[in-house]
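**Q** Sequence unavailable; structure follows:
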């Protein structure tokens, strides 16, 4: 009889506890994203990025632009091969809404030219971090990996009055190719080599041969997308030929675009022109940025 009296008592106690929990849940319910210490106030989710899809990469560069960047393409006699060269080759992509790219390679009597265009749409999986913020962080890592030399602050007044550097410690144009560590960086030294070789072997050496102009140094750009940079590297391919690779990368909202434009001269001693390649790569980048914004 005592056991029969005890069981209903336990049931009543459990019922009271459950009722209390249920009542507390109704009054103090919070969302999974609520801020600690602020019951009932949900955290506002970070805004999604502007872009939800990516362009078709091999169609992103028009035939006229390709003919300019890859001059040998017009020399291809076979119509089918020429059409294939214009079409490019898409890179392997597992999710075309997240990352796509396309490559072109064309040989001519003067040089072999390469073009690579890559699009990446950044998506944040953290509700507290927006797609744009995540893309900004990833682009900062890309800039750091490029290891750009320290920027040279232009000072035309000081340069005109003093030919031996700035009194504030800003490097003069004669030392602009020296990287942060005191030795020429891979990119900067590449440009130096280009100027030196061009002065004697290349017809497009220009008036500043022997010294890399500061406006051709690898650097950040302020006129492209939300943020951008250009890199310029000259390297040896084999034992003789010089290959220049110009990289222009930019971010607009949550999409990052990278352009790699490379040329290897077929003539011994001739160095691909830095200014010409940078100008062409930057023009292509501007067109791609405009097409994304449109």
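**A** Everything's here; your move. Because the structure is predicted, anything quoted here is derived from the model rather than measured.

**Q** Show me how the record splits the chain into domains.
**A** Annotated domains of the chain cover 1-44, 57-148+218-293 [automatic domain parsing].

**Q** Least reliable of the ones you listed by average pLDDT, please.
**A** Per-stretch mean pLDDT for these is lowest at domain 1-44 (a mean of 43).

**Q** returning to that earlier point: ok, and which of the domains of the chain has the densest surroundings?
**A** Across the domains of the chain, averaging neighbours per residue (mean count of other CB atoms under 10 Å) puts domain 57-148+218-293 on top, at a mean of 17. Where C-beta positions appear, they are placed from N, C-alpha and C, glycine not excepted.

**Q** returning to what we had before: so which of the domains of the chain comes closest to residue 50?
**A** domain 57-148+218-293 (3.9 Å; CB to CB).

**Q** contacting residues around the closest residue to residue 113 other than its chain neighbours?
**A** Using CB to CB, 6 or more residues apart in numbering and skipping the chain neighbours, the partner closest in space to residue 113 is residue 70 (4.6 Å). Residues near residue 70 by CB atoms under 8 Å, 6 or more residues apart in numbering: 85, 104, 106, 113, 115.

**Q** want to throw those residues into CSV with distance to residue 56 and secondary structure?
**A** Below are the contacts of residue 70 laid out as CSV (distance: CB to CB, whole Å; DSSP: H, G, I helix; E, B strand; the rest coil):
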residue, distance to residue 56, secondary structure
85, 18, helix
104, 14, strand
106, 20, strand
113, 22, strand
115, 16, strand
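
**Q** residues contacting residue 220?
**A** Residues in contact with residue 220 (CB under 8 Å, 6+ apart) are 143, 148, 151, 227-229.

**Q** could you pull out the strands for the stretch 101-250 of the chain?
**A** Ranges of strands within the stretch 101-250 of the chain are 111-121, 219-221, 227-237, 241-252, based on DSSP state E, counting those that start in this stretch.

**Q** so what does the helix or strand hosting residue 258 touch, helix or strand wise?
**A** Using DSSP states H and E, the element containing residue 258 is strand 255-265. The helices and strands touching strand 255-265, judged by 3 or more CB pairs under 8 Å, 6 or more residues apart in numbering; DSSP states H and E, are strand 111-121, helix 131-146, strand 241-252, helix 274-293.

**Q** between that strand and strand 111-121, how many degrees?
**A** Angle, strand 255-265 to strand 111-121, by axes from the mean of the first three to the mean of the last three CA atoms, to 10 degrees: 170 degrees.

**Q** Given strand 255-265, what are its sheet partners and their directions?
**A** Note on strand 255-265: by DSSP bridges, its sheet partners are strand 111-121 (antiparallel), strand 241-252 (antiparallel).

**Q** In a markdown table: these, plus distance to residue 276.
**A** Shown next, in a markdown table, are the strands paired with strand 255-265 (distance: least, CB to CB, whole Å):
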| stretch | distance to residue 276 |
| --- | --- |
| strand 111-121 | 12 |
| strand 241-252 | 10 |
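
**Q** and of the ones you listed, who's closest to residue 55?
**A** Closest to residue 55 of the strands paired with strand 255-265, according to CB to CB: strand 111-121, at 6.5 Å.

**Q** tilt between that closest one and helix 274-293?
**A** Strand 111-121 runs at 30 degrees relative to helix 274-293, counting by the same axes, to 10 degrees.

**Q** how near is residue 224 to residue 108?
**A** Distance of residue 224 to residue 108, computed by CB to CB, to the nearest Å: 29 Å.

**Q** Of the contacts of residue 70, which is the nearest to residue 93?
**A** Residue 93 lies nearest to residue 104 out of the contacts of residue 70, by CB to CB, at 16.7 Å.

**Q** Would you mind confirming that the closest one makes contact with residue 65?
**A** No - at 10.6 Å, residue 104 and residue 65 do not qualify as touching, with contact defined as CB atoms under 8 Å.
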